[in-house]
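>>> need the 3D shape of this:
(2 chains)
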Amino acid sequence: MTDSARPTRVRIAPSPTGDPHVGTAYIGLLNYIFARQRGGQFILRIEDTDRTRFVPTSEQMIFDSLRWLGLDWNEGPDVGGPYGPYRQSERTKIYREHVQMLLNNGTAYRCFCTPEELEAKRKAQMAAKVAPKYDRTCKYLPKETIEANIAAGKPFTIRMAVPEDGSTTFRDELRGEIVIDHNNVDDQVLLKSDGFPTYHLANVVDDHLMQITDVIRAEEWISSTPKHVLLYSSFGWERPKFWHMPLLRNIDKSKISKRKNPVSLIYYRESGFLPQAVINFLGLMGGGMPTLNPIEAANAGSTKEVDIFSVAQMVEKFEFQRISLGGPVFDLVKLKWLNGEYLRALPQEEFVAALKQTILSDSYIRVIAPLVQTRLETLGQWGDLTDFFFRDNVAPPAEVWVPKKRTPEETLAFAAEMLTSLEGTDWTTEAIDAALRALLTAKEWSVKEAFMLLRAILTGSAQSPPLLESLVVFGKARSIDRIRRFIDNQKKAAANTKK
RNA sequence: GGCGCCAUGGUGUAAUUGGUUAACACGUCGCCCUCUCAAGGCGAAGAGUACGGGUUCGAUCCCCGUUGGCGCUACCA
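Now for the predicted structure:
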């Protein structure tokens, strides 16, 4: 059972629940480097077991974004491999078979409690200031009851039977031993009533079946690692090594989120960040690259070179043991500086090519053109009508964005509502229109007021091509970011004038 | 609340693993260059390493406690 003989195999397992996330890219990069350093394999697995959050277009965006960043995988849903399928929704039979093994050896049991019952119990526990935990009602159900329930067609989940005392100890390769008392481990649902597995089951089964040697994932998983360790032993399997990486943070140190940061890889690509810069920046998060010694630094010519490196250099020099465990703030300011460095270093031909691939691409211009064709008299007016599509900063004056009968405060509050609503909207004119109208009716805003506000935020002006179409063309990721930045900027400005 | 993880300038990281005036990069400010703005060059301010105790001749580094931040606490991942 020595793992030294096993060839290194690592994986990332994103969920297709929306836009591909920078956190996925971060963990992806780390896994990629880890595999390359050891001549191992890097696997992409799609964890699409939550049908309520499933977004059909998400998977392809994940593929595209990771490829854009240059993080190629050896095995995955789209490239195949010997351990497929690599999409969990296609592996439900495997999970059911495995959960049966657990049922057979008594390390799992059926639970007939309804979501409502569970919710009520949880509330009661919270009210009593007790740690919310499943009370094991169904753990010791008599055989006859279980069979009767099944015969009656009562829906059930399957839970893991966590030992009622003792503790689980595991080793985190970066932190050392971590001990968690079983009192603090819930009887986790392994198989949902819809027949799909939860993360915990699917993850362990797949990692084992796919021969994963090292689990390199975000720190948020530490607390549930005992569940996974317990599962490995319930199955009688050797467990992988666990490496928990620090969590990327917002400026306020909270876990990075779309409310406070552009978090979509689509955003970075569409806003004209270079993949090398994004990857380089991610490589800076948490350290890991050894500092140049003074001689190397002198040879490099400039000390800032220590912050600039490629994936190849990371593969060569990155040391996982050097990673610092404090969650790094994802600082857009430094990313922009880095991106500027890469842009300036580009040969002119490549710089032009980069423009033509992104912000000046044929496909982008093609979708903008119909919006302005009827509105211009000479081609020279193109820029007048479309500038906001090509700009990063638009700053509408207050007389444009504050409706006559509203105060700046209530307008900003409405903008914030709009942001929340649009975040959860499909990016089509119909869906945006519906969302907007629902909101404005609820808040008693006129169509004119609401649309003008959004127009001002998006374009910086009171005149523009059709708003909804413009939003769609500009893209969800960038539109959302523009609204968010507008609100932030106005709040800052208001705070400053008060001082 | 419970459990866990973490803690070096505003931000990201260094500090030959206990011996330095605590270093580098971003950002900020100033100067130079310059038709402007960037870029580039030069320089400055900014932490005494969260706090309090130990251990030690000596702690950023080891130990304990406190505080704070973050995460988890779902039929989400």
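>>> show me what residue of chain A gets nearest to RNA strand B.
In chain A, the residue that lies nearest RNA strand B is residue A:287 (2.7 Å; Cβ to the nearest atom of the strand). (Glycine included, C-beta is placed from N, CA and C.)
>>> does that residue really touch residue A:320, like I thought?
No - Residue A:287 is beyond contact range of residue A:320, at 10.2 Å (criterion: Cβ atoms under 8 Å).
>>> tally of neighbours for the closest residue to residue A:126 other than its chain neighbours?
Once flanking residues are discounted, residue A:126 sits nearest to residue A:132: 5.8 Å by Cβ to Cβ, 6 or more residues apart in numbering. Residues within reach of residue A:132, counting by other Cβ atoms under 10 Å, total 14.
>>> contact residues of the stretch 1-150 of chain A facing RNA strand B?
Residues of the stretch 1-150 of chain A found near RNA strand B (Cβ under 7 Å from any atom of the strand) are A:13, A:15, A:17, A:47, A:49-50, A:52-53, A:113-115, A:118, A:122, A:129, A:131-134.
>>> looks to me like residue A:28 is in a helix.
Yes - going by DSSP: H, G, I helix; E, B strand; the rest coil, the assignment for residue A:28 places it inside a helix.
>>> please enumerate residues in contact with stretch A:19-32?
Contacting residues not belonging to stretch A:19-32 are listed as A:10-12, A:14, A:42, A:58, A:61-62, A:64-66, A:69, A:71, A:216-218, A:245, A:247-248, A:256, A:263-268, A:278-279, A:282-283, A:285, A:311, A:314, A:320, A:330, A:476-477 [Cβ atoms under 8 Å, 6 or more residues apart in numbering].
>>> and it, average pLDDT?
Averaging pLDDT along stretch A:19-32 gives 96.
>>> got it, and stretch A:99-117?
Taken as a whole, stretch A:99-117 has an average pLDDT of 93.
>>> what is the burial count for the closest residue to residue A:429 other than its chain neighbours?
The shortest distance from residue A:429 to any residue other than its chain neighbours is 4.1 Å, reached at residue A:468 (Cβ to Cβ, 6+ apart). Applying other Cβ under 10 Å, we find 16 residues neighbouring residue A:468.
>>> with residue A:92 instead?
Neighbours around residue A:92, by other Cβ under 10 Å: 16.
>>> for residue A:101, same thing?
For residue A:101, the neighbour count with other Cβ under 10 Å is 14.
>>> same check, this time on residue A:172
Look at residue A:172: counted by other Cβ under 10 Å, it has 16 neighbours.
>>> wait, what's in contact with it?
Shown in contact with residue A:172 (Cβ under 8 Å, 6+ apart): A:178, A:222, A:225, A:242, A:243, A:244.
>>> where does the last one land in three-state SS?
In this case it means residue A:244. With three-state DSSP as the basis, residue A:244 sits in strand.
>>> grab the nearest non-local neighbour of it.
residue A:219 (4.7 Å).
>>> isn't that neighbour up against residue A:248?
No - assessed by Cβ under 8 Å, residue A:219 is found out of contact with residue A:248, at 10.0 Å.
>>> which one of those two is surrounded by more residues?
Neighbours per residue (other Cβ under 10 Å) separate residue A:219 from residue A:248, with residue A:248 holding more: 24 against 16.
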